[in-house]
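Colleague: Build me a model from this:
(one chain, ligands or ions: 2)
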Amino acid sequence: MFELYLEKPEQLKLREATRVPSLKANEARVKLIYGGICGSDLRVFRGTIPYAKYPCRPGHEILGVVMEAGEKSPHKPGTRVISFPNTYCGSCEFCLQGKTNICSGKESFGVTINGLFANEIIIDSEFLVPIPSELADERAILTEPFAVNVHALKKIDISKETSVAVVGCGTEGFMSIALLEYLGAKITVLDINPAKLEKAKNSYKTIEILLPGQVEDQCFDVVIEAAGAKAAIEQAFLMVKPGGTLITLGITNEQVSFPSLHVTRSEMTIYGSIIYTKQDFEDAFGFLKDPKFNISPVLSKIVPFKHYEKAFEDALTGNFTKIVLDFRDSR
Ligand SMILES: [Zn+2]
Ligand SMILES: [Zn+2]
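Modeller: Ligands and ions are numbered 1, 2, ... in the order given. From the prediction side, this is the model:
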C-alpha cells in the first residue's frame, strides 16, 4: 500500500504505508481509481493555510471502489464511490439547520485531518457518496469541486436575461462557466491571463472574454468572484449593477478593502459561499448525468500516480484546470 505524504510544506513524498487489517463497524476500505488535485492541496503543499496540520497525507477529491465494508456501512463491496471530504458534527446549531458546510466542528480531509491520496484508504462511510451507475468515472471525479458551484448558484435565480460575470478562470471559474452556460445566462469572463481566457473561449463559444482593464463598472446583474485574489475581489464589487448580487467563492488570506459606500448606495446583495452539503452532491449528479452539460473542458489531464511530482508541479503553475492522478498505476 502506498500513500502521498507531506512531512512539512514543500516536501511531498511517496511512501509505503501500513495496511490496517480490520475495519470499524461504519468504515469502508476503498481502492482508489482517481484523485483530483485541488487548489487547497496546493495551498497545503505550499504551507499557506494557517490551520493546516503536518505531517499529513494530502488529497480530498477521490473516486474508488469499495473493497470491504464494516457491518454498519451502507456501501457494499463493488460500489463506486466518491469522497465527501468535509466532516460535520451533526449536532451543532448549523448542522441542525442542514448547513453542515458551516459546521462549527468541521474538519477537512487533507488539511486539518489526514487526506485520501493513497492507493487504498479506510474511511468512515458517512463521508462516502455512491456514484450513479450511468456516470463515467471521468465526470464523477469532478463532483466535489463542481458541487461548490452548485451550492453557490442556488443562492440566486438565473434566467436567460441574467448577465453574469465570472471573475477568475481557474477550476472553479471554469465550472461556473459550464453551469451558467447550461442554465442559459449571458456570461462574461475575466482573467488577468489572456491564455486562460482564450482557453475558456475555445471551450465555451457563447461567452465574452475580457481582461480586467476592459470592464466597465456596474454592468452585471450577478458577479461570481472565483479568483480569490485581492485585486480581483475589489474589482468584483465595482462590477455589480445597482440592486445586483456578488457571490464570493474565491479563497484568499489577503486583506481586501470593503467599498462600504458603494455597497450601501447600490443596494448590493453579497453572498459568501463555502463548499457544499450532501444535497449539493446529489444535485451535482443531476447536471453531470446530462451529456449536454459541457464540463469536460475542466479536466486538463489524467496522469499516473507515480508522476505525482510532475502533476503537482504542473498544477502549481496555474496553467491547468483540473489535474487528476490515476491511482491504478501506482505500482
Ligand atoms: Zn477540492
Ligand atoms: Zn455541526
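Colleague: Is stretch 117-134 in proximity to ligand 2?
Modeller: No - judged by CB under 5 Å from the ion, stretch 117-134 makes no contact with ligand 2; its nearest approach is 12.6 Å. The C-beta positions use only the backbone N, C-alpha and C, and glycine is treated the same way.
Colleague: Flag every buried residue along that stretch.
Modeller: 117-123, 125, 127-129, 131 (16 or more other CB atoms under 10 Å).
Colleague: Just give me how far it sits from the chain centre.
Modeller: Relative to its chain's centre, stretch 117-134 lies at 17 Å (CA atoms, centre = their mean, to the nearest Å).
Colleague: and what of stretch 210-221?
Modeller: 26 Å.
Colleague: what do you get for stretch 82-89?
Modeller: When C-alpha coordinates are averaged (CA atoms, centre = their mean), stretch 82-89 and its chain have centres 13 Å apart.
Colleague: how far away is the residue of the stretch 151-300 of the chain found nearest ligand 2 from ligand 1?
Modeller: Residue of the stretch 151-300 of the chain nearest ligand 2, by CB to the ion: Thr277 (11.5 Å). Separation of Thr277 from ligand 1 (CB to the ion, to the nearest Å): 15 Å.
Colleague: Which one of the buried residues of stretch 117-134 is nearest to ligand 2?
Modeller: In terms of CB to the ion, no member of those lies closer to ligand 2 than Phe127, at 13.9 Å.
Colleague: per-residue confidence at Pro21?
Modeller: For Pro21, the pLDDT comes out at 87.
Colleague: so where does it fall, helix or strand?
Modeller: Using DSSP states H and E, Pro21 falls within no helix or strand.
Colleague: Relative to Glu208, how far out is it?
Modeller: Counting by CB to CB, to the nearest Å, the gap from Pro21 to Glu208 is 57 Å.
Colleague: and what of Leu6?
Modeller: Distance of Leu6 to Glu208, given as CB to CB: 40 Å.
Colleague: now swap in Pro77 and tell me
Modeller: Counting by CB to CB, the gap from Pro77 to Glu208 is 49 Å.
Colleague: Same question for Met268.
Modeller: Separation of Met268 from Glu208 (CB to CB): 22 Å.
Colleague: What residues does the stretch 101-250 of the chain have near ligand 1?
Modeller: Contact residues (CB under 5 Å from the ion) of the stretch 101-250 of the chain with ligand 1: Pro145.
Colleague: one more time with 8 Å, if that's ok
Modeller: Neighbours of ligand 1 within the stretch 101-250 of the chain, by CB under 8 Å from the ion: 144-145, 148.
Colleague: list the contacts for Ser40?
Modeller: Residues near Ser40 by CB atoms under 8 Å, 6 or more residues apart in numbering: 49, 60, 108, 110-111, 251.
Colleague: Buried ones among the residues you listed?
Modeller: 49, 60, 108, 110-111.
Colleague: In JSON lines, list those along with distance to Gly243, pLDDT and secondary structure.
Modeller: Rendered in JSON lines, the data for the buried ones among the contacts of Ser40 read as follows (distance: CB to CB, whole Å; pLDDT from 0 to 100; DSSP: H, G, I helix; E, B strand; the rest coil):
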{"residue": "Ile49", "distance to Gly243": "36", "pLDDT": "93", "secondary structure": "coil"}
{"residue": "His60", "distance to Gly243": "37", "pLDDT": "98", "secondary structure": "coil"}
{"residue": "Ser108", "distance to Gly243": "35", "pLDDT": "97", "secondary structure": "strand"}
{"residue": "Gly110", "distance to Gly243": "40", "pLDDT": "97", "secondary structure": "coil"}
{"residue": "Val111", "distance to Gly243": "37", "pLDDT": "96", "secondary structure": "coil"}
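Colleague: Determine which two of these are furthest apart.
Modeller: Ile49 and His60 (12.6 Å; CB to CB).
Colleague: okay, and the common contacts of the two?
Modeller: Jointly contacting Ile49 and His60 under the rule CB under 8 Å, 6+ apart are 40, 111.
Colleague: Would you mind identifying the next helix or strand past the helix or strand containing Gly286?
Modeller: If you go by DSSP H and E, Gly286 is part of helix 278-288. Sequence-wise, the next helix or strand downstream of helix 278-288 (DSSP H and E) is strand 299-304.
Colleague: Can you list the buried residues in that next one?
Modeller: In strand 299-304, counting by 16+ other CB under 10 Å, buried: 299-300, 302-303.
Colleague: Including pLDDT and distance to Gly39, could those residues go into TSV?
Modeller: Formatted as TSV, those follow (pLDDT from 0 to 100; distance: CB to CB, whole Å):
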residue	pLDDT	distance to Gly39
Leu299	97	15
Ser300	96	13
Ile302	97	18
Val303	96	17
